[in-house]
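*Asks:* Attaching a predicted model along with its sequence, questions to come.
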Amino acid sequence: MRRIMLPGEEGPRIPCRGSEPSSEPVRILIVRLSHLGDVVCSVGMFHALHSAFPDAEIAWVVQGEYAGLLEGLDGLSRVFRFDRGGGLAGLVRLWRELRSFAPEISVDAQGNLKSALVTLLGGAPRRVGYARADWQEKLGALSANERAEPSSQAHLVGRVRDLARHIAPTGEFRTSIGLAPGEIRVGRTRLAELLPGTSAPILLHLSSPEDTRGWPLDHWEELTRELLLGGERVLLLSGPGEEAAGRELRARLGEEIPGLTHWIGQKGLRELAAVFAAAGELGGTLIACDSGPMHLAWSSGLRVLVLEGPQTAGRTGPWPPKDGPHRELRAFDSPPCAPCIARRCSHARGPVCMNDLRPSQVLETIRALP
């Protein structure tokens, strides 16, 4: 039966293994559109490609809200913005930009229908993706004419690393977002402004009340008070999505409390990464739920204590998931349904796996850290 070619597809399917291009690629396109944590987990793909093909122009397609994080990567030639609300006009604009870049290879590090469409828009003759079994939306795998072997890794970083080894086996896979020395200096200065002192700080990243993976605001309040009573320096962080929670907690706790600083509505991903790096240099710890900033913290060298409920660190937690400095914590009496890996809770009493994780348990864990 004659095979129907997909739009933008050129030539026969390239075999999975053992096929190396006759010459080094000139232009490579990485497709990883969202979300923040997943983009952070995929940065190793860029490092592997850049070290294996140092003369190649490498570009990345990502949603606009995460573009600033990638634009600081040394060696990344271009960042193309995918406008998820841009409709047909946005797709046409992106198509023109990608065709002007004219990638020879595209690497789909996301694995769903949206990323498959963007990959096809790029028009690369060699389109590399995960094994079909590793795609979130299996139909999208048809966009790739070369696929890696199935990955045995549960964690996204491990799956991205396996994909990178397929296309760039000699590349150096690093998970750092590549802060420049100047950015690190700025991070040190900013942390000193926010939280004066030299002892190891504790950073708390608040969670959105609507997020099933989040921790109740009452718990954050109790934990903060106990940490301050113990003489800790505490930085309470909230991004745009948690700004209301940050303001509410500030109203409850007050502003003029020694050792406590509220950083409400924080924006600027590389600035946040630099502050995380500075806190890591002082031996600090971030306490957070499963979130993008949590991933940004471990990738910046800050130890993380991740509060787990519906998620599991082996899949979505800090990297490396074992034998590293990071810790995961879940409720002593966690329900049998946890971890369910679901974004919506169907439990009769709501997200009890997070609600039943008590501040006293978190405090005990923090005090036991080396």
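*Replies:* Yep, it's here.

*Asks:* Show me where the stretch 51-200 of the chain has its strands.
*Replies:* 57-63, 78-82, 105-108, 126-129, 146-147 (DSSP state E, counting those that start in this stretch).

*Asks:* With respect to W263, which of those strands lies nearest?
*Replies:* Minimum separation from W263 across the strands of the stretch 51-200 of the chain (CB to CB) falls at strand 57-63, 23.7 Å. C-beta coordinates here come from the backbone N, C-alpha and C atoms, glycine included.

*Asks:* so what strands line up beside that closest one?
*Replies:* Using DSSP bridges, the strands paired with strand 57-63 in its sheet are strand 27-31 (parallel), strand 78-82 (parallel).

*Asks:* just those: most buried one?
*Replies:* Highest mean neighbour count among the strands paired with strand 57-63 (mean count of other CB atoms under 10 Å): strand 27-31, with a mean of 26.

*Asks:* could the strands paired with strand 57-63 go into TSV alongside mean pLDDT and distance to T261?
*Replies:* What follows is the strands paired with strand 57-63, written out as TSV (pLDDT from 0 to 100; distance: least, CB to CB, whole Å):
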stretch	mean pLDDT	distance to T261
strand 27-31	99	36
strand 78-82	99	32
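
*Asks:* In a markdown table, list the ones you listed along with distance to L229.
*Replies:* Below are the strands paired with strand 57-63 laid out as a markdown table (distance: least, CB to CB, whole Å):
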| stretch | distance to L229 |
| --- | --- |
| strand 27-31 | 47 |
| strand 78-82 | 45 |
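
*Asks:* Of all those strands, which one comes closest to E255?
*Replies:* For E255, the closest of those is strand 78-82, at 36.9 Å, according to CB to CB.

*Asks:* For this protein, just list every one of the helices.
*Replies:* Using DSSP state H, the helices of the chain run over residues 36-41, 43-52, 67-71, 87-101, 113-122, 156-167, 181-194, 217-229, 243-253, 269-281, 292-299, 313-316, 352-355, 359-368.

*Asks:* could you give the mean pLDDT of stretch 127-136?
*Replies:* Averaging the model's pLDDT scores along stretch 127-136 yields 98.

*Asks:* got the contact list for it?
*Replies:* Outside stretch 127-136, the residues within contact range by CB atoms under 8 Å, 6 or more residues apart in numbering are 9, 105-108, 110-112, 116, 119-120, 138, 141, 143-151, 159, 163, 166-167.

*Asks:* low-confidence ranges in the chain?
*Replies:* Low-confidence segments of the chain (pLDDT under 70): 1-22.

*Asks:* let's see it at 80
*Replies:* Applying pLDDT under 80 to the chain flags residues 1-23, 209, 343, 346, 348-350.

*Asks:* Mark out where each domain of it begins and ends.
*Replies:* Here the domain parsing of the chain from automatic domain parsing is 27-167, 181-368.

*Asks:* Endpoint to endpoint, the longest one covers what distance?
*Replies:* In terms of CA to CA, to the nearest Å, the two terminal residues of domain 181-368 are separated by 33 Å.

*Asks:* Run the chain-centre distance for it.
*Replies:* Centroid separation for domain 181-368 versus its chain: 15 Å, with CA atoms, centre = their mean, to the nearest Å.

*Asks:* Got phi/psi on the spatially closest residue to S207 that is not a sequence neighbour?
*Replies:* Nearest non-adjacent residue to S207, counting by CB to CB, 6 or more residues apart in numbering: G214, 3.1 Å away. Dihedral pair for G214: phi -80, psi 170, per degrees, to the nearest 10.
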